[in-house]
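In: what follows is a predicted protein model with its sequence.
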Amino acid sequence: PETGKVLAVFGVDVDARAWRLAVVAKVVIPAAAVALLLIALVAVYLASWRIKGEPKPLVRLLMPPLVAMFLAIIGAFGVLMVLQQKWQLESATKAEVDRVLRELASGEGRQALMMGAVAESLIETPHLRAALAARDRKALQEILTPAFVRLCARQGVDFGFVVAPDFECLLRLHDPEESGDVLEHYSLHDARRRGGAASNIYAGPSGEVALRVAVPVMEGGDCLGYVELGQSLADLLAPLHLAGKVELVALRRDPAAGEEARIPRDVAASAVIYSSLNPLPDDMAALLARQPADGTASDAELGGSAWSVVGNTLRDGAGKPVADLFVFRCAAAADIAFLNLLTLVLAGSLVLAALVSGTLFVILRRTDRSIAAQQARLRESEARYRVLFDAAPDAHFILKDGVFADCNRAAVEMLRAGREKIIGSTPAEISPEKQPGGRFSADVVREQLLAAEGGEPIRFEWLHRRPDGTEFWSSVSLARIAIDGEPM
């Protein structure tokens, strides 16, 4: 039958670094395609953009955007390097956290085995079972205290308990004056459930967090009680810090906080289980008050040096949070090395950009001079042809869209009208309404212009009329030409 009880929990650990690389790999191609499309659109737009008036020199037109582009690329590269450095520092700090947690777990295992062996040796002390069965506190103290004192000095055991089967504390080896209370240590319940030695991290009612090992005392299949030994978490953490490089701080978890630690947290001296820096600096305490213990890395300036800090939650055998462990990794040396590298790379990039910009400037400058020389020759040629156009003995007109756009002096003399009256008028306006054949002059003009658009010059006789009303015949030659790329 279904009971609704949880039998197992399935979890998946995903490497965030591989996930980031996969996302970047999927984004690069679409982003590059969009960038290329934008570049193509801009190129088409610029290619179709007609230049009005005198074109700007290439140096003035291209050098500012090119220099801006170089600076933007260098700046973006610098930003990417800074982000990469930050990610590497976070990764290095998290790797250091993994090392600390791994070595802490290894140390817990070794210490648990050692304390389990010590507890077994205490249990085999003569007359212990009889005293434990009789719940004789005085006899237990006389039997075990000398051996416990030796253990404290030799094996680093901080406290010990002799406990009855109902978990009544018969003797505190580290504090014989206190006894008679009931101990609800998880290690004792675990030893009862297992029927053998059990060990785990446990937070006691007075706030101490320690590794505890409970070993049952058996006699003929019956449990006479338990011997429990413990070592404080501070003693386990002390060998793991690297002075000046990796500092450790462990804070007690507020029992009322539950799974989520309260932020800001209490960083008073009473809350500190262990600190490799003694006393705990004020700026570090202020940072710990707001730093979450969820594996998130933070950067901070502490004592004039750059540090990266990551917090993790330590849990007891029942999975309850008992302490927050913070790993501080000094990033000063890495920051100095990165700043030196960044300075060299940016300086080299600026030098390279300056060389490329200088080379482009020289090329564009020479191109501008070549274009200016060509434009000067073109203006000279235009002036020369203008002289020829104005000095020609025959009348010359330039038509654009069926309207006179220009004429020479011979045309002005032929029509006996001012140049300003001729420009802007149409051929039909300097002709009688009808030609001698009876057709309207405007219709014949349209036909002749359409015929000339075929590209072949045409000749015909035409009757003109001056503004004073006099009429005269002329021989007209029409030819299609292009000026500045525009058909005339």
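Out: Sure thing, it's come through.

In: got the buried residues for stretch 186-200?
Out: Neighbour counts over stretch 186-200 (16 or more other C-beta atoms under 10 Å) mark 186-192, 197-200 as buried. (Each C-beta comes from the backbone N, C-alpha and C, glycine too.)

In: confirm that residue 364 sits in a helix.
Out: Yes. Under DSSP: H, G, I helix; E, B strand; the rest coil, residue 364 falls within a helix.

In: give me every residue that touches it.
Out: 57-59, 62-63 (C-beta atoms under 8 Å, 6 or more residues apart in numbering).

In: cool, residue 164 as well?
Out: 132, 135, 170, 225.

In: out of the buried residues of stretch 186-200, flag the one nearest to residue 467.
Out: Taking C-beta to C-beta as the measure, residue 467 lies nearest residue 200 of the buried residues of stretch 186-200, at 117.5 Å.

In: show me what contacts the closest one?
Out: Contacts of residue 200 by C-beta under 8 Å, 6+ apart are 186-187, 190, 211-212, 316-318.

In: farthest-separated two in those?
Out: Distance extremes for the contacts of residue 200: the farthest pair is 211 and 318 at 14.6 Å, using C-beta to C-beta.

In: the more surrounded of those two?
Out: More crowded of residue 211 and residue 318, by other C-beta atoms under 10 Å: residue 211, with 24 against 11.

In: tell me how far stretch 428-441 is from the chain's mean position?
Out: In terms of C-alpha atoms, centre = their mean, to the nearest Å, the centre of stretch 428-441 is set 79 Å apart from its chain centre.

In: in ChimeraX, how would I select the buried members of the contacts of residue 364?
Out: Selection command for ChimeraX covering only the buried members of the contacts of residue 364, criterion 16+ other C-beta under 10 Å:
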select :57,58,59,63
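
In: make JSON lines out of the contacts of residue 364 and add distance to residue 477, secondary structure and pLDDT.
Out: Below are those laid out as JSON lines (distance: C-beta to C-beta, whole Å; DSSP: H, G, I helix; E, B strand; the rest coil; pLDDT from 0 to 100):
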{"residue": "57", "distance to residue 477": "41", "secondary structure": "coil", "pLDDT": "77"}
{"residue": "58", "distance to residue 477": "41", "secondary structure": "helix", "pLDDT": "75"}
{"residue": "59", "distance to residue 477": "46", "secondary structure": "helix", "pLDDT": "76"}
{"residue": "62", "distance to residue 477": "45", "secondary structure": "helix", "pLDDT": "81"}
{"residue": "63", "distance to residue 477": "49", "secondary structure": "helix", "pLDDT": "82"}
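
In: in a markdown table: the contacts of residue 200, plus pLDDT and secondary structure.
Out: Formatted as a markdown table, these follow (pLDDT from 0 to 100; DSSP: H, G, I helix; E, B strand; the rest coil):
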| residue | pLDDT | secondary structure |
| --- | --- | --- |
| 186 | 84 | helix |
| 187 | 88 | helix |
| 190 | 90 | helix |
| 211 | 90 | strand |
| 212 | 90 | strand |
| 316 | 81 | coil |
| 317 | 75 | coil |
| 318 | 75 | coil |
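
In: sorry, back to before: what about the buried residues of stretch 186-200, which are in helices?
Out: 186-192 (DSSP state H).

In: closest to residue 236 among these?
Out: The closest of these to residue 236 turns out to be residue 187 (C-beta to C-beta; 15.3 Å).

In: distance of that closest one from residue 393?
Out: From residue 187 across to residue 393, the span is 124 Å (C-beta to C-beta, to the nearest Å).

In: give me the buried stretch members for stretch 199-216, please.
Out: Quick answer for stretch 199-216 (16+ other C-beta under 10 Å): 199-203, 208-216.

In: likewise stretch 173-180?
Out: 173-174, 179.

In: what's in contact with it?
Out: Contacts of stretch 173-180 (C-beta under 8 Å, 6+ apart): 137, 141, 144-145, 148, 152, 158-162, 168-172.

In: could you list the low-confidence segments of the stretch 351-488 of the chain?
Out: 484-485, 487-488 (pLDDT under 70).

In: kindly recompute the last result at 50.
Out: Across the stretch 351-488 of the chain, nothing is flagged by pLDDT under 50.

In: picking up where we left off before, the buried residues of stretch 173-180 into a markdown table, with extra columns for secondary structure, pLDDT and distance to residue 109?
Out: Below are those laid out as a markdown table (DSSP: H, G, I helix; E, B strand; the rest coil; pLDDT from 0 to 100; distance: C-beta to C-beta, whole Å):
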| residue | secondary structure | pLDDT | distance to residue 109 |
| --- | --- | --- | --- |
| 173 | coil | 89 | 23 |
| 174 | coil | 86 | 23 |
| 179 | coil | 85 | 31 |
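
In: residue 32: which of those is nearest?
Out: Looking across the buried residues of stretch 173-180 and measuring by C-beta to C-beta, the closest to residue 32 is residue 174, at 68.2 Å.

In: correct me, but residue 436 touches residue 471?
Out: No. Using C-beta atoms under 8 Å, residue 436 is not in contact with residue 471, being 10.0 Å away.

In: state the distance from residue 148 to residue 224.
Out: For residue 148, the distance to residue 224 - C-beta to C-beta - is 18 Å.

In: which residues are in contact with stretch 431-441?
Out: Against stretch 431-441 from outside (C-beta under 8 Å, 6+ apart): 427-428, 444-445, 462-465, 471.

In: list the buried ones in that stretch?
Out: So, applying 16+ other C-beta under 10 Å, buried residues of stretch 431-441: 431, 435, 441.
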